[in-house]
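Student: I would like the atomic coordinates for the input below:
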Amino acid sequence: MAAIQQCFAVLETGYSSEYTQMKYGGYGKMVQNLCKDTGEVWDIFRVMEGEFPSQEELHKYDGFVLTGSSYDAHGNEDWILKLCDVLRCLYDKNKKLLGICFGHQVLCRALGGKTGRASVGWELGLKDITLNTDLVWKLYGLKIPSVLKVIESHQDQVSCIPPSGVVLGYSARTAIEIFAVGNSVLGIQGHPEFSEDVMLDLLKSRLARGTISEELYKEGELSFKDGQPDEEALTGLCKAFLKSREVI
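Tutor: Predicted coordinates:
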């Protein structure tokens, strides 16, 4: 019997820089490249421009991935409010929902948690996060190192996870780096889809606009002297979540 073809949708929530768009195709394409395996169908919807899947289309996808964004997940733009409604609908349908950075925060908001500006300010560059490996194994059957290096680029944080949620990862400055709700929701504050050049481009553009200080720029730049992100483990976590069929 032929394997059932899995279908996934990327809900693109933000605009990338000209450099990232030219080299990698933007945030939606980067997330697709991170998670896609041979034989799968992946579609991208630019929800920040009001492009949402129809009600009929929602049924055909096994899972949805939300990208990062420069927008505030706690904002009240029309498309963000609509996105929250769609996420609640998908959660009720028991669809897989993976959120990255903004996606992690807006998922939390939509399902009853809290997010907003972080009291510690920006977190930029390559950082260590600590994982609850026992819970990761229980939920996804995945063996993963207890400490991972991941690229961070945020000034907002999740402060309270949704009801029935569990914290899977934390770091020195971010208490909720990764959370899960059952086996159908996974939020990751960091950027498993980013590479060093993408982060350095972001740092340069933010410094040029005066969004961050020279000190923060240097901190982010120097963080890569300690190594590179644990791409294989982070990709494995995203795929293990999205493509596991059992719901706990």
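
Student: quick one: the helix or strand bottoming out on mean pLDDT in the chain to chain centroid distance?
Tutor: Across the helices and strands of the chain, mean confidence by mean pLDDT, DSSP states H and E is lowest for helix 55-58: a mean of 90. Taking the mean of its C-alpha atoms, helix 55-58 sits 22 Å from the chain's own mean (CA atoms, centre = their mean, to the nearest Å).

Student: helices and strands around that helix, which ones?
Tutor: When contacts are defined as 3 or more CB pairs under 8 Å, 6 or more residues apart in numbering; DSSP states H and E, helix 55-58 sits against helix 78-92. Backbone N, C-alpha and C define where each C-beta goes, glycine included.

Student: quick one: mean pLDDT for the helix it packs on?
Tutor: In this model, helix 78-92 has a mean pLDDT of 98.

Student: any idea of the angle the helix or strand that that helix is followed by forms with helix 78-92?
Tutor: The element immediately downstream of helix 78-92 (helix or strand, assigned by DSSP states H and E) is strand 96-100. Here the directions of strand 96-100 and helix 78-92 differ by 140 degrees (axes from the mean of the first three to the mean of the last three CA atoms, to 10 degrees).

Student: now strand 96-100: average pLDDT?
Tutor: 98.

Student: same deal with stretch 128-136?
Tutor: Rounded mean pLDDT across stretch 128-136 is 97.

Student: and the spatially most central residue of the chain, how far is that from Phe241?
Tutor: The centroid of the chain falls nearest to Ile100 when counting by CA atoms, centre = their mean (0.7 Å). According to CB to CB, to the nearest Å, Ile100 and Phe241 sit 12 Å apart.

Student: over to Tyr91?
Tutor: From Tyr91 to Phe241 the distance is 14 Å (CB to CB).

Student: show me where this structure has its helices.
Tutor: 18-24, 27-35, 55-58, 78-92, 102-110, 133-140, 196-209, 214-222, 231-243 (DSSP state H).

Student: turn the ones you listed into CSV, including distance to Val10 and mean neighbour count.
Tutor: Formatted as CSV, the helices of the chain follow (distance: least, CB to CB, whole Å; neighbours: other CB atoms under 10 Å):
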stretch, distance to Val10, mean neighbour count
helix 18-24, 13, 14
helix 27-35, 5, 22
helix 55-58, 13, 11
helix 78-92, 13, 16
helix 102-110, 10, 27
helix 133-140, 20, 16
helix 196-209, 17, 17
helix 214-222, 26, 15
helix 231-243, 11, 18
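
Student: among the ones you listed, which is nearest Ile161?
Tutor: helix 102-110 (6.3 Å; CB to CB).

Student: so which elements touch that closest one?
Tutor: Packing contacts for helix 102-110, counted by 3+ CB pairs under 8 Å, 6+ apart, involve strand 63-66, helix 78-92, strand 96-100, strand 114-117, strand 156-160, strand 178-181, strand 185-188.

Student: try 7 Å this time
Tutor: strand 63-66, helix 78-92, strand 96-100, strand 114-117, strand 156-160, strand 185-188 (3 or more CB pairs under 7 Å, 6 or more residues apart in numbering; DSSP states H and E).

Student: in CSV: these, plus distance to Gln55.
Tutor: Listed next are the helices and strands packed on helix 102-110 as CSV, based on distance: least, CB to CB, whole Å:
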stretch, distance to Gln55
strand 63-66, 14
helix 78-92, 8
strand 96-100, 17
strand 114-117, 27
strand 156-160, 28
strand 185-188, 21
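
Student: do you know which of those lies nearest Arg173?
Tutor: When these are compared for distance to Arg173 using CB to CB, the nearest one is strand 156-160, at 8.6 Å.

Student: quick one: closest of the helices of the chain to Lys127.
Tutor: That would be helix 214-222 among these, by CB to CB, at 9.8 Å.

Student: could you give the angle of the closest one to helix 196-209?
Tutor: 170 degrees.
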